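A.B. asks: what shape does this take:
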Amino acid sequence: MIEKKDIRAISKELLREFFVTNGDKAFRGNQVYEWLWSKGAHSFDDMTNLSKETRAMLEANFVINHIKVDQMQRSEDGTVKNAVRLHDGLVVESVLIPTNTRTTACVSSQVGCSLDCNFCATARLKRMRNLEPGEIYDQVLAIDNESKLYHNRPLSNIVFMGMGEPLMNYNNVIKAIDMITSDEGLGMSPKRIMVSTSGIPKMIKKMADDDVKFKLAVSLHSAIDEVRAKIMPFSSNFPLKDLRESLEYWYRKTKSKVSYEYVVWKGINDNKQAVDALVKFCKYVPCKVNLIEYNPIDDGEFQQASEESVNLYIKELEKAGIVVKVRRSRGKDIDAACGQLANKEA
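C.D. replies: Reported below is the predicted structural model:
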């Protein structure tokens, strides 16, 4: 038995060719493409302007590997956490984060994660596979619908800060963003999308070379190599010198500021030396710093630092003319800090 191909992995041009080859008109491919992306059809039977025969032909040749929101939890503060089941039974998470003026989707890019950040719950899951463009797109579409239902407005922002390292699934993430921003998809502005990476220099340079229009965030957490390697062991392969060079390259090519995501942990990076190192690093390229309130995943070494320590960061960064914001955790009653970077807006 021949395995059916996911129809959303096929371009509109190939869909048009498929219909011509099967004795139909090319425009039929346009109709199907619209159903798949603009209208988010879950099955071929949803495509009501196609004949039964055409729908049966599609059913015989293709599948739609659509996600299913397996479990949805709503927080008292309006945050919504989705457990998203994929076609092969694997599960990822996505989160809707509302504020007074915006609703932000925090989406996943991998099942599990390729990296080994010691503070992150996802890193304890081995990477099982990359998400396909359609699976990433579906998370956004589901949250857009929830935003309209629960907050009476469409989704305004997207952050890739859920499960996985987006730059380790680069091609699929870019394809998903292309469809999210396309008039044939959701038509969102790329300026309302932020991709967060743990810092892979060659991929940051590639994004700059590809002239992407979305925003860039870097999970930094320390501007001292030895400390950062303790927090994020993989970063020993990507020293801060190389990261700095890639970010300077990014800014030269894109003129887009960088956001640094930074958690202050007790006994790890809550000292004056760490603060001074961050201030120095921030001067290399125009940037802003988001100090993230940490949600502990156990009773281990990674615990939220004192307010006094966080305030020292704020004081020194502001004194150096660097924009800094504190991001408080959202959805605590449902454990919905997406990728440990809750309450984030692109």
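
A.B. asks: so residue 234 sits in a strand?
C.D. replies: No: per DSSP: H, G, I helix; E, B strand; the rest coil, residue 234 lies outside any strand segment and is helix.

A.B. asks: pretty sure it contacts residue 197?
C.D. replies: No: between residue 234 and residue 197 there is no contact under Cβ atoms under 8 Å: 11.8 Å. C-beta coordinates here come from the backbone N, C-alpha and C atoms, glycine included.

A.B. asks: what bits of this protein have low per-residue confidence?
C.D. replies: 1-2, 115-126, 296-299, 329-346 (pLDDT under 70).

A.B. asks: sorry, back to before: more neighbours: which of residue 234 and residue 197?
C.D. replies: residue 197 (23 against 16; other Cβ atoms under 10 Å).

A.B. asks: the closest residue in space to that one that isn't next to it in sequence: neighbour count?
C.D. replies: Sequence neighbours aside, residue 167 is the residue nearest to residue 197 in space, at 4.7 Å (criterion: Cβ to Cβ, 6 or more residues apart in numbering). Neighbour count for residue 167, taken as other Cβ under 10 Å: 22.

A.B. asks: which ones are touching residue 167?
C.D. replies: 173, 195, 197, 200, 203-204, 207 (Cβ atoms under 8 Å, 6 or more residues apart in numbering).

A.B. asks: would you mind measuring from it to residue 275?
C.D. replies: Per Cβ to Cβ, to the nearest Å, residue 167 is found 28 Å from residue 275.

A.B. asks: just the strands in the chain please.
C.D. replies: Assigned by DSSP state E, the chain shows strands spanning 5-6, 62-63, 68-74, 80-85, 91-98, 103-106, 110-111, 129-130, 157-160, 193-197, 215-219, 258-263, 287-292, 323-327.

A.B. asks: in a markdown table, list the ones you listed along with distance to residue 147.
C.D. replies: Formatted as a markdown table, these follow (distance: least, Cβ to Cβ, whole Å):
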| stretch | distance to residue 147 |
| --- | --- |
| strand 5-6 | 26 |
| strand 62-63 | 28 |
| strand 68-74 | 12 |
| strand 80-85 | 9 |
| strand 91-98 | 6 |
| strand 103-106 | 4 |
| strand 110-111 | 24 |
| strand 129-130 | 26 |
| strand 157-160 | 10 |
| strand 193-197 | 15 |
| strand 215-219 | 20 |
| strand 258-263 | 22 |
| strand 287-292 | 22 |
| strand 323-327 | 20 |
